[in-house]
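Chemist: Requesting a structural model of the entry that follows:
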Amino acid sequence: MPLSSCGTCQQCVAGRSNLCGERKVIGASPRWGGYAELVAVPSAQLIALPDSVSFVQAAALPVAYMTAWHMLTCRAGVKSGESVLVTAAGSGVGSAAIVLARHLGAKVYATAGNEAKRTKAKGLGAQATFDHGDPDFAKQVVAATGGRGVDVVVDCVGTPVLERTLASLSAGGRLATCGATVGIKVEFELRSVFGKQLSVLGSYLGTKDELETLASLVAAGKFKPIIDSEIPASSVRQGLEKMLSRGSFGKIVLVR
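Modeler: Numbers count the residues shown, from 1 in each chain. Predicted coordinates:
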């Protein structure tokens, strides 16, 4: 579990450690060290790895898949038969959200910046895909859903697409956002939010229980984490450059 918390506050006692005021994430300030061969962590953060789950698969779960699962289940409450639009399908969270939304029985739509990634998204089960660089993609989403719009949007992009994803939602729809990889400030029309009774839901990582659930689902063969590539830790720069160039689809995993 990459997130540590105090373990004693009201949020931690309630099982919501990702809301703890003293939370820290390995690999981020002030808890650097995520690329180390050995990392010391409190025993409370350890999770037993099922025999049928590889270390590479397990390495893909704690951030991207836990984040996507928390957004879909805890925050947006996705139900079987609902429709979900996932932005940035090639990202770690995006590819995870497609796989997990499909597992939950949702109809999935996705956006990606190039045709190759859109094709891969369809291979994961997306019914239709869109170019999120197209200023009219919201209209295309609404048309693809018979004029209704989607029930849920899962977004980790931020500024360039958020207003358009709101326009993609059906009445009573929910937007779950977990990041702002391309921008942190957004502007949108409030009338569309209260007029359609939309919900904008912030989401941050997830809980240890959710991560354990994901490990058990992988062990049971319910889904497989999407791994773009395995890169030796000595070549970490290569992995970072690939990620920054948006040349990956799914998780890049460092291995010894």
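Chemist: The stretch 1-150 of the chain: helices as residue ranges?
Modeler: Counting by DSSP state H, counting those that start in this stretch, the stretch 1-150 of the chain has these helices, from start to end: 10-13, 55-60, 66-69, 92-103, 115-123, 137-144.
Chemist: which other helices and strands contact the second one?
Modeler: Under the contact criterion of 3 or more C-beta pairs under 8 Å, 6 or more residues apart in numbering; DSSP states H and E, helix 55-60 touches strand 227-232, strand 251-255. In short, each C-beta sits where N, CA and C put it, glycine included.
Chemist: got CSV for those, with mean pLDDT too?
Modeler: Output for the helices and strands packed on helix 55-60, formatted as CSV (pLDDT from 0 to 100):
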stretch, mean pLDDT
strand 227-232, 95
strand 251-255, 94
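Chemist: Tell me which of those strands sits most buried.
Modeler: Using mean count of other C-beta atoms under 10 Å, the stretch among the helices and strands packed on helix 55-60 with the largest mean neighbour count is strand 251-255, at a mean of 19.
Chemist: Which residues does that one contact?
Modeler: 35, 56, 59-60, 64, 92, 95, 225-233, 236, 239, 242-243 (C-beta atoms under 8 Å, 6 or more residues apart in numbering).
Chemist: again, 10 Å this time
Modeler: Outside of strand 251-255, the residues within contact range by C-beta atoms under 10 Å, 6 or more residues apart in numbering are 34-35, 37, 54-61, 63-65, 91-93, 95-96, 225-236, 238-240, 242-243.
Chemist: picking that back up, mind putting the helices of the stretch 1-150 of the chain in TSV, mean neighbour count, mean pLDDT and distance to Glu210 included?
Modeler: Shown next, in TSV, are the helices of the stretch 1-150 of the chain (neighbours: other C-beta atoms under 10 Å; pLDDT from 0 to 100; distance: least, C-beta to C-beta, whole Å):
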stretch	mean neighbour count	mean pLDDT	distance to Glu210
helix 10-13	14	95	15
helix 55-60	17	94	14
helix 66-69	26	97	5
helix 92-103	26	97	11
helix 115-123	17	97	24
helix 137-144	18	96	28
